[in-house]
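>>> here is a sequence with its predicted model. Questions after.
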Amino acid sequence: MKLFKKMKDGGPLSRVWGFFLIEAKNLFSVAFLMFKDGSREAFHSHAFNAVSWVLWGKLSEQLIDSTQSHEYTPSLKPIYTPRDCFHKVTSHGTTFVITFRGPWINQWKEFLEDEQKYITLTHGRHVVE
């Protein structure tokens, strides 16, 4: 369990920093996220379901199976991200988000656009062979 921890969210190539109030992966997490301008070139799913709110800035979400994009700006309406949502998020400038995450499952996936391949990840972002 982590309390009051600042760290990258989504691995070393991520453009997102997390300020975790609490992270107990078997129960829940609460974090403030800071998305730097742009996006990492990888579509991904998640190990958790999440409910989030944009506090400042603007995000675009593109689903892997669609050319459709969703845009998110500050609103009282939450953004629900189920763990099986396979997406890529782009920040337009710096964007701040608060997120509440549920318990983690053991595996999730990424699609590496540069290599045109899927990988399966587990805790610690270790690749599952």
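Yes, it's here.
>>> so what touches stretch 121-129?
Here stretch 121-129 makes contact (Cβ atoms under 8 Å, 6 or more residues apart in numbering) with 11, 25, 47, 104, 106-110, 119-120. Using the backbone N, CA and C atoms, a C-beta is placed for each residue, glycine as well.
>>> need the CA coordinates for it. PDB is fine.
C-alpha atoms of stretch 121-129 as PDB (Å, rounded to 0.1, in the frame of the first residue of the first chain):
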ATOM      1  CA  LEU A 121       1.300  -6.700 -18.700                       C
ATOM      2  CA  THR A 122       1.100  -7.600 -15.000                       C
ATOM      3  CA  HIS A 123       2.000  -5.800 -11.800                       C
ATOM      4  CA  GLY A 124       5.200  -3.800 -12.000                       C
ATOM      5  CA  ARG A 125       4.500  -3.500 -15.800                       C
ATOM      6  CA  HIS A 126       6.200  -6.800 -16.400                       C
ATOM      7  CA  VAL A 127       5.500  -8.400 -19.800                       C
ATOM      8  CA  VAL A 128       3.700 -11.700 -19.600                       C
ATOM      9  CA  GLU A 129       5.200 -14.100 -22.100                       C
END
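>>> circling back to that earlier point, which of the contacts of stretch 121-129 count as buried?
Neighbour counting with 16 or more other Cβ atoms under 10 Å marks 25, 47, 104, 108-110, 119 as buried within the contacts of stretch 121-129.
>>> just the ones in strands from the residues you listed, please.
Secondary structure from DSSP state E places 108-110, 119 of the buried ones among the contacts of stretch 121-129 in strands.
>>> how about the residues you listed in CSV, adding distance to residue 62 and pLDDT?
Converted to CSV, those look like this (distance: Cβ to Cβ, whole Å; pLDDT from 0 to 100):
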residue, distance to residue 62, pLDDT
108, 18, 97
109, 16, 96
110, 14, 95
119, 19, 96
